[in-house]
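**Student:** Here is my input; please provide its structure:
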Amino acid sequence: MTLVVYTARMGYKADQDWLDITLQGNERRIEQRPQEPMGHRTIGYVFAPSPDILYPYLSARKFNRETDELWAKYVEDYTAEMRRSYRHYRPDWDLLLSWPRAVLLCMCTNPQRCHRTVLGGILAKLGASFEGEIN
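**Tutor:** Numbers count the residues shown, from 1 in each chain. You can find the predicted model right below:
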């Protein structure tokens with residue numbers, strides 16, 4: 001069975017198919033219950049962008065300095081991080097790819113300028129079917 005991937009803004013919650021791929025959301029879950037196994041959702045941490053690439057990009061966005069060049073650099077850096085993540089956390093990638101469906105969640109309002117869409121494209125290259133944004 002092929003993984004079918006959608007993306008959505010944080011707040012979408014339906015059954016068990018959502019996956020928070022934000023750094024902040026996953027850190028909070030781990031911090032709140034460090035002794036408790038978190039189930040499949042903590043694998044979202046391995047798909048989150050690092051603070052090194054995320055915070056400068058968000059700062060530029062906040063101060064209206066976001067450019068096409070900056071976005072292209074962010075995509076390049078995030079893709080490189082995901083290549084490393086794939087090598088280091090292969091069981092988590094394989095687990096996600098084994099699901100029938102996943103909705104990748106992030107806080108960004110524009111899915112076209114969000115790592116959730118970039119990750120959807122990466123997963124498609126690994127055999128998933130990427131269907132885009134869902135409400």
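**Student:** what about stretch 109-116, average pLDDT?
**Tutor:** Here stretch 109-116 scores 96 as its mean pLDDT.
**Student:** Okay, strands next: where are they in the protein?
**Tutor:** Taking DSSP state E, the strands of the chain run over residues 4-9, 18-20, 101-106, 129-133.
**Student:** Figure out which of those strands is closest to residue 88.
**Tutor:** Of all these, strand 18-20 sits nearest to residue 88, with 18.2 Å by CB to CB. C-betas here are computed from N, CA, C, even on glycine.
**Student:** neighbouring strands for the closest one, and are they parallel or not?
**Tutor:** Take DSSP bridges as the rule and strand 18-20 pairs in its sheet with strand 101-106 (parallel).
**Student:** Please export the C-alpha coordinates of the strand it pairs with as CSV.
**Tutor:** Output in CSV follows, covering the C-alpha atoms of strand 101-106 (Å, rounded to 0.1, in the frame of the first residue of the first chain):
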residue,chain,number,x,y,z
ARG,A,101,-2.2,8.2,5.0
ALA,A,102,-0.5,11.1,6.7
VAL,A,103,-1.4,14.8,7.0
LEU,A,104,1.8,16.8,7.6
LEU,A,105,1.1,19.7,10.0
CYS,A,106,2.9,23.1,10.4
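**Student:** Mind pulling up the pLDDT for the spatially most central residue of the chain?
**Tutor:** Centroid-nearest residue in the chain, with CA atoms, centre = their mean: residue 21, separated by 3.6 Å. pLDDT, residue 21: 92.
**Student:** Wait, it touches residue 118, no?
**Tutor:** No: the pair residue 21 / residue 118 is not scored as a contact, 10.3 Å apart, by CB atoms under 8 Å.
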